[in-house]
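> dropping a prediction and its sequence here:
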Amino acid sequence: TTLRAVDPWKHPGRDLGPLRELLDSAVKRLKGAFPDQPEVEAAIAATLGWDYRELGIYDSAESLLRRSHELSRQTLGDAHIDTMKVLEGLGTLLTEVGRHAEAEKLFEQLRVTQEKTLGSEHPATLVTLNNLALDLDWQGKSAEAEALYRQALEAQTRLLGNQNPDRLSTLSNLAACLAATSKTEEAEKLYHKLIDAKSAALGPKHPEVLQARMSLADVLNRRGRFAEAESLLRELLVIMNATLTSKHPLTISAMHNLADTLSNLGRHEESLALARKAFDAQVAFAGPLHPTTLNRKNELACTLIELKRWDEAIPLITEVRDQYKKMFDESDWRTLNAAGNLAFALNQTGRVKEAEAIWRRIITHGNKEREANVAPIVNAGANLGSLLADQERWQEAEAELLASIGTQDHRGESDHWRTALMRTSLGRVLLETNRLDDAKRELDRAYATLHESFGDEHEKTQKAIRYLVQLAKKTGDVSGGASFKAKLKPDTMTSR
């Protein structure tokens, strides 16, 4: 109990320095303390390892979990439930730090052992199946992951019932997988089921219920329903501040998600203020080197980019990219996303050759076999297409934009607002090369999506309107041109 008190989720706001010192002292005392009781040392080492993991101190966590596993193997054997439990924790740790191939191999080995000793539908075996699926999911192997999630979920539902915590964990992971792969309609339905089940079992204000509702807000954002997402997140923040405090990691996540939603709504100053607040709270909660802190830093950099605060944004996003590369690898989707954001900022500040080189490297070296990598690769192609259009390299621009839109169509995101932005850029290329019927088709479709997602006042929609005005002028469509010109804000009339 004393050891578990270091859990920062249960004690948000506590200074983590003394907690680290407490753990380090416990590890020193553990050495040689139980020479004739290896099973006791194994249990304590596992607990300490998980505590280090909670603090984001992964090297120490891994060392202790491996020590615990080795002691358990020697005293209890590979097939003992305690040995398998420690191995499960080690695999989860490896997944979190991005060592996915090692984690996948470990979970596969554990699954074989469990199926032999416990059976293929034992609750522990199904937990391993869920964890294996999660590791595959984070590798971008979404189709494999989805199949395993569904396999585990079917067995857990049939054998354990709808309210079983392990089943709900699998349901949550499946919903997240579907959301990330553009199957947002089914994801939204699953999150409603998850919320109903958790609320019935735990009460409407339990942290797990609040977390599920926050995930639902993410799906609403993905579907372009930003006003609904904002309303839900503000409601959640009121509850979280009252029941969990402002220092709790869930509250910090909700602040970040609301900042992201405000950015989608074009309210960038509000977004930046909240993003800074969320980042500072995350540093205070978990320290500057925790993976989640790095994610918050990346999100803060993105907000600075939206606000065109290049002097702050470029050094920050460069730092984020380099840290992601060190923590994961150059082809990981997080590194690719940060690199793409850096390229965007460089392009906007006139460092065009550097931006083009980065986007081409993402397209060339990003592994599209990983589903998670597809989005940054597609975005790189779309941004490269816009850059080439700015240089009047129309043929190259068209090829990049068509490739990105084709991938979006294949992923079922033909009418997503991000795809609409690509269509806007393609419409511009077609307009400039006098393929006016094709330009009208793309720009009309882009405008319809952007109008529905953001309204006419948003800068993303204004760009499409501007090209539609130019198109009407070229085609002599006086009434259509007047209609769109009336929607055009004065400050965007002369923009490129």
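Now that the structure is in, tell me what you want to look at.
> host element of the closest residue to R360 other than its chain neighbours?
In space, and not counting its chain neighbours, R360 is closest to L384: 6.7 Å by Cβ to Cβ, 6 or more residues apart in numbering. (Glycine included, C-beta is placed from N, CA and C.) Per DSSP states H and E, L384 falls inside helix 371-390.
> what's that helix packed up against?
helix 142-160, helix 333-348, helix 352-365, helix 394-410, helix 417-432 (3 or more Cβ pairs under 8 Å, 6 or more residues apart in numbering; DSSP states H and E).
> out of these, which gets nearest to D280?
Nearest to D280 among the helices and strands packed on helix 371-390 is helix 333-348; the distance by Cβ to Cβ comes to 20.3 Å.
> residues making contact with that closest one?
Here helix 333-348 makes contact (Cβ atoms under 8 Å, 6 or more residues apart in numbering) with 140, 295, 298, 301-302, 305, 308, 310, 313-314, 317-318, 320-321, 324-325, 328-329, 352, 354-356, 358-359, 361-362, 366, 370, 372-373, 375-377, 379-380, 383, 387.
> that helix: how far from the chain's middle?
How far helix 333-348 lies from its chain's middle: 16 Å, per Cα atoms, centre = their mean, to the nearest Å.
> tell me the buried residues in the host helix or strand of D51?
Using DSSP H and E, D51 sits within helix 38-54. Neighbour-count burial for helix 38-54 flags 38-39, 41-46, 48-54 (criterion: 16 or more other Cβ atoms under 10 Å).
> specify the local secondary structure of T92.
Using DSSP: H, G, I helix; E, B strand; the rest coil, the three-state assignment for T92 comes out as helix.
> that one is in contact with N131, isn't it?
Yes: with contact defined as Cβ atoms under 8 Å, T92 counts as touching N131 (6.1 Å).
> these two: who's more crowded?
N131 (25 against 18; other Cβ atoms under 10 Å).
> who's in contact with the more buried one?
By Cβ under 8 Å, 6+ apart, the neighbours of N131 are 88, 91-92, 95, 107.
> ok, it to K189 distance?
For N131, the distance to K189 equals 24 Å [Cβ to Cβ, to the nearest Å].
> what does K116 give?
37 Å.
> for Q391, same thing?
45 Å.
> just to revisit the earlier point, list only buried entries from the contacts of helix 333-348.
Buried, going by 16+ other Cβ under 10 Å: 140, 295, 298, 301-302, 305, 310, 313-314, 317-318, 320-321, 324-325, 328, 355-356, 358-359, 362, 366, 370, 372-373, 375-377, 379-380, 383, 387, out of the contacts of helix 333-348.
> quick one, the strand or helix carrying V238 and helix 417-432 angle?
In this assignment (DSSP H and E), V238 forms part of helix 226-243. Following axes from the mean of the first three to the mean of the last three Cα atoms, to 10 degrees, one obtains 150 degrees for the angle between helix 226-243 and helix 417-432.
> contacts for helix 226-243, please.
205, 210, 213-214, 216-218, 220-221, 246, 248, 250-251, 254-255, 257-258, 261-262, 264-265, 453-454.
> which of the residues you listed are buried?
For those, a neighbour count by 16+ other Cβ under 10 Å gives the buried set as 210, 213-214, 216-218, 220-221, 248, 250-251, 254-255, 257-258, 261-262, 264-265, 453-454.
> can you pick out the most distant pair from the buried residues of helix 38-54?
Farthest pair in these, by Cβ to Cβ: P38 and E54, 24.6 Å.
> residues touching A301, list them.
313, 316-317, 320, 338, 341.
> contact partners for V86?
Going by Cβ under 8 Å, 6+ apart, the list of residues near V86 reads 42, 46, 65, 68-69, 72.
> can you list these in TSV and add distance to T125 and pLDDT?
Shown next, in TSV, are these (distance: Cβ to Cβ, whole Å; pLDDT from 0 to 100):
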residue	distance to T125	pLDDT
A42	22	94
A46	20	94
L65	20	96
S68	21	95
H69	18	95
S72	18	94
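> which of those residues sits closest to Q163?
Comparing the contacts of V86 against Q163 with Cβ to Cβ picks out A46 as the nearest, at 27.9 Å.
> dihedrals phi and psi, the closest residue to that closest one other than its chain neighbours?
Nearest in space to A46, with sequence neighbours left out and distances taken as Cβ to Cβ, 6+ apart, is S68 at 4.0 Å. Main-chain dihedrals, S68, degrees, to the nearest 10: phi -60, psi -40.
> again, but for the one 10 residues further on
Here the main-chain torsion angles of D78 (degrees, to the nearest 10) amount to phi -60, psi -30.
> distance of it from Q109?
In terms of Cβ to Cβ, D78 sits 9 Å off from Q109.
> got a list of contacts for the lowest-mean-pLDDT helix or strand in the chain?
The weakest-scoring helix or strand in the chain, judged by mean pLDDT, DSSP states H and E, is helix 16-30 (a mean of 81). Around helix 16-30, the neighbours that count as contacts under Cβ under 8 Å, 6+ apart are 3, 6, 8, 41, 44-45, 48, 51-52, 55, 57, 60, 64, 285-287.
> next, the angle from it to helix 38-54.
Here the directions of helix 16-30 and helix 38-54 differ by 160 degrees (the same axes, to 10 degrees).
> now do helix 16-30: distance to the chain's middle.
For helix 16-30, the distance to the chain centre is 32 Å (Cα atoms, centre = their mean).
> give the buried residues for that helix.
Judged by neighbour count (16+ other Cβ under 10 Å), helix 16-30 contains these buried residues: 16, 19-20, 23, 26-27, 30.
> and the strand or helix carrying A259, C-alpha only, in CSV?
Following DSSP H and E, one finds A259 within helix 249-264. Listed next in CSV are the C-alpha coordinates belonging to helix 249-264 (Å, rounded to 0.1, in the frame of the first residue of the first chain):
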residue,chain,number,x,y,z
PRO,A,249,-4.3,13.9,-15.6
LEU,A,250,-7.8,13.5,-17.0
THR,A,251,-8.5,17.1,-16.3
ILE,A,252,-5.3,18.0,-18.1
SER,A,253,-6.3,15.8,-21.1
ALA,A,254,-9.7,17.5,-21.2
MET,A,255,-8.1,20.9,-21.3
HIS,A,256,-5.9,19.8,-24.1
ASN,A,257,-8.8,18.3,-26.1
LEU,A,258,-10.8,21.5,-25.6
ALA,A,259,-7.8,23.6,-26.9
ASP,A,260,-7.7,21.4,-30.0
THR,A,261,-11.4,21.8,-30.5
LEU,A,262,-11.2,25.6,-30.2
SER,A,263,-8.4,25.5,-32.8
ASN,A,264,-10.7,23.6,-35.2
